[in-house]
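Participant: okay, structure incoming, though there's no sequence with it:
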């Protein structure tokens, strides 16, 4: 996948646990795990907004575009 998710990095920078983030965002641990591990196919803007608000960051802090090797 060409999009890398860096939620782990932001969690470490904010000294926040995954459990704390799920409570602040209002999503399940399973769904956050899927997103965090790069297995998600999509993310709602409302979820992205809630994650950015909880982590006090910009979408570009947790999402990165990486060109696929051809």
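Facilitator: Received, thanks. Remember, predicted model here, so these are calculated numbers, not experimental data.
Participant: and stretch 3-22, which residues are buried?
Facilitator: The neighbour-count check on stretch 3-22 (16 or more other CB atoms under 10 Å) flags 5, 6, 7, 10, 11, 21, 22 as buried. C-beta coordinates here come from the backbone N, C-alpha and C atoms, glycine included.
Participant: same list, those residues, but as a markdown table with pLDDT, secondary structure and distance to residue 65 please.
Facilitator: Output for the buried residues of stretch 3-22, formatted as a markdown table (pLDDT from 0 to 100; DSSP: H, G, I helix; E, B strand; the rest coil; distance: CB to CB, whole Å):
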| residue | pLDDT | secondary structure | distance to residue 65 |
| --- | --- | --- | --- |
| 5 | 94 | strand | 11 |
| 6 | 95 | coil | 12 |
| 7 | 95 | helix | 16 |
| 10 | 95 | helix | 17 |
| 11 | 95 | helix | 21 |
| 21 | 96 | helix | 23 |
| 22 | 96 | helix | 26 |
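Participant: out of those, which one sits closest to residue 57?
Facilitator: residue 10 (5.5 Å; CB to CB).
Participant: pretty sure that closest one contacts residue 57?
Facilitator: Yes: between residue 10 and residue 57 a contact is recorded at 5.5 Å, counting by CB atoms under 8 Å.
Participant: the strands in this structure, which residues?
Facilitator: Ranges of strands in the chain, per DSSP state E, are 3-5, 63-65.
Participant: list of residues touching the first one?
Facilitator: Spelled out, it's strand 3-5. Identification of contacts with strand 3-5 by CB atoms under 8 Å, 6 or more residues apart in numbering yields 35, 36, 37, 38, 40, 62, 63, 64, 65, 66.
Participant: just the last one next, same as before
Facilitator: Contacts made with strand 63-65 from outside it, assessed by CB under 8 Å, 6+ apart, are listed as 2, 3, 4, 5, 6.
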